[in-house]
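Asker: take a look and give me a structure for this.
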Amino acid sequence: ALPIYKDIRPLAETEAFMAKRKQRRDEFQDISSYSSKQAYKKNQKKKKRTGLKVFLSFICVILVLVGGVMIYASTVLLGDLKTTTITKDKTELGISEETKSEAGITNIALFGVDARDYDGGTFAGRSDAIMVMSIDNVHHKVKLTSIMRDVRVYMGDGSPYDSGYDKLNHAYMYGGPEQAIRTINQNFGLDIQDYVTVNFASMAKIVDAFGGVNIDLTEDEISEINKNMYALAAESPESMAGDVSTYAPLSAGDGVLLNGDEAVAYGRIRAIDNDNGRVERQQEVLSALLSKASSISKLEYPSIIQQLAPLCETSLTFDKMIGLAQIALTGFDIERLSIPSDVEGYASDYCEGGGWMWTYDTDVAAQHIHEFIYEDEN
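Answerer: Numbering: from 1, shown residues only. Predicted structure coming up:
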């Protein structure tokens, strides 16, 4: 019988051998297969690099498209826009540290001038229409605050009178848009830093660019419009009103479609009532234009912008215009306010230089405007 040999190695040594054998088996990788850890990690890195390249390519395409749109907008659409620069110093613009402002709400001064060649240029002279347009992206509204041109305001050194007071519309004539903005800010506690000016002669072209405006007209207004059309024909023979013999008088009614010249003739009416009525009619025209802007196809914007650019002067930079334009894409409501109103307890009197002016409580007017713009009674 053969002898029987027993494994007399210690149990600990046997277990150590088996553990090493198992470790060698676990560390073995089939490099010809994707099941190996090394190949898997290599494949994952390759996928990440490919994904990163795709992402970066997508970003580059977006940047090229956006850049192209920006260049097109700044050079083609707005290439003829007259831009100016005013001071960025808030103190010089009459904005104090206590002045309220709110993110998402931007106030812009709108000036309408009725300049002739002898006034010193297309955008010079008195500002017959004065409005604060508030672009309110918080409440999705465009708010128009009209300030009567004959209100008595404090101008300080900007006024030729020792009292420092004068008519508001004289501020634009004395020192251009910068002084006009400063006067509005310091009297009503606003934070206006930019402006847009339009000559009433250009307003006709602006209205025509939108295809006209619809306005409710009374018999008295129709009579005055038809009279003013003849005056416009004398001023601008090249306008649509130039050939008076072919002009068809309008009729009273609701939603009467006015072309550019007729809208200007409507905005100039003063014989029926006082300056308040004139300002309200100017608001009607601007509100009708804004309504048209909110209802037309977005595809029509480039053509309209290209027509409007040469007719305006502004301190707004291209970047600011792009930022403010978003409200046109999202839709907005229009609200209006006229100052002074019954709230301010206004009256009329002959003041500095024998000029006829509106007198009122300026502090109450400032609070009224703030409540309207910021919807905050505090």
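
Asker: hang on, residue 290 packs against residue 334?
Answerer: Yes: look at residue 290 against residue 334 with CB atoms under 8 Å: they come within range, at 5.4 Å. C-beta: built from backbone N, CA, C; applies to glycine.

Asker: ranges for the helices of this structure?
Answerer: Assigned by DSSP state H, the chain shows helices spanning 11-27, 37-72, 168-188, 200-209, 219-235, 260-267, 275-295, 301-308, 318-324, 326-330, 362-374.

Asker: by contact count, what packs against the fourth one?
Answerer: When you say that, I think you mean helix 200-209. strand 105-113, helix 260-267, helix 275-295, helix 301-308 (3 or more CB pairs under 8 Å, 6 or more residues apart in numbering; DSSP states H and E).

Asker: from the rest of the structure, what touches the first one?
Answerer: Right, the one you point to is strand 105-113. Outside strand 105-113, the residues that touch it by CB atoms under 8 Å, 6 or more residues apart in numbering are 119, 123-138, 172, 177, 180-181, 184, 190-192, 194-200, 203, 282, 286, 316, 324, 373-374.

Asker: between helix 200-209 and that strand, find me the angle.
Answerer: For strand 105-113 against helix 200-209, the angle by axes from the mean of the first three to the mean of the last three CA atoms, to 10 degrees is 120 degrees.

Asker: now residue 200: closest residue in space that isn't a chain neighbour?
Answerer: residue 114 (4.7 Å; CB to CB, 6 or more residues apart in numbering).

Asker: quick check: the one you found vs residue 123, distance?
Answerer: 11 Å (CB to CB, to the nearest Å).

Asker: now residue 90
Answerer: 24 Å.

Asker: between these two, which has more neighbouring residues?
Answerer: Set residue 90 next to residue 123 and count neighbours by other CB atoms under 10 Å: residue 123 wins out with 22 against 14.

Asker: wait, the more buried one touches residue 314, no?
Answerer: No: taking contacts as CB under 8 Å, residue 123 lies outside contact range of residue 314: 9.9 Å.

Asker: and for these two, which residues touch both?
Answerer: Taking CB under 8 Å, 6+ apart as the criterion, residue 123 and residue 314 both touch 82, 197.

Asker: can you pull the contacts of the residue nearest the centre of the chain?
Answerer: Centroid-nearest residue in the chain, with CA atoms, centre = their mean: residue 324, separated by 4.2 Å. Neighbouring residues of residue 324 by CB under 8 Å, 6+ apart: 106, 135, 316.

Asker: can you check residue 289 too?
Answerer: Residues in contact with residue 289 (CB under 8 Å, 6+ apart) are 206-207, 210, 213.

Asker: so how far is residue 97 from residue 288?
Answerer: Residue 288 is 39 Å from residue 97, by CB to CB.

Asker: cool, and residue 320?
Answerer: For residue 320, the distance to residue 97 (CB to CB) stands at 23 Å.

Asker: which of those two has more neighbours?
Answerer: Higher neighbour count among residue 320 and residue 97: residue 320, with 15 against 6, using other CB under 10 Å.

Asker: look up how far residue 309 lies from that one.
Answerer: As for residue 320, its distance to residue 309 is 15 Å (criterion: CB to CB).

Asker: and residue 164, by the same measure?
Answerer: Using CB to CB, residue 164 is found at 38 Å from residue 309.

Asker: when those two are compared, which one has more neighbours?
Answerer: Set residue 164 next to residue 309 and count neighbours by other CB under 10 Å: residue 309 wins out with 17 against 14.

Asker: enumerate every residue touching the residue lying closest to that one once chain neighbours are set aside.
Answerer: In space, and not counting its chain neighbours, residue 309 is closest to residue 81: 4.0 Å by CB to CB, 6+ apart. Shown in contact with residue 81 (CB under 8 Å, 6+ apart): 309-310, 312, 314.

Asker: so which of these is the most crowded?
Answerer: The residue in those with the most neighbours, by other CB under 10 Å, is residue 314 (22 neighbours).

Asker: neighbours of the closest residue to that one other than its chain neighbours, how many?
Answerer: Take residue 314 and drop its neighbours on the chain: the residue closest to it by CB to CB, 6+ apart is residue 196, 4.5 Å away. Per other CB under 10 Å, the neighbour tally for residue 196 reads 18.

Asker: same question for residue 333.
Answerer: Residues lying near residue 333 (other CB under 10 Å) number 12.

Asker: same thing with residue 85?
Answerer: 8.
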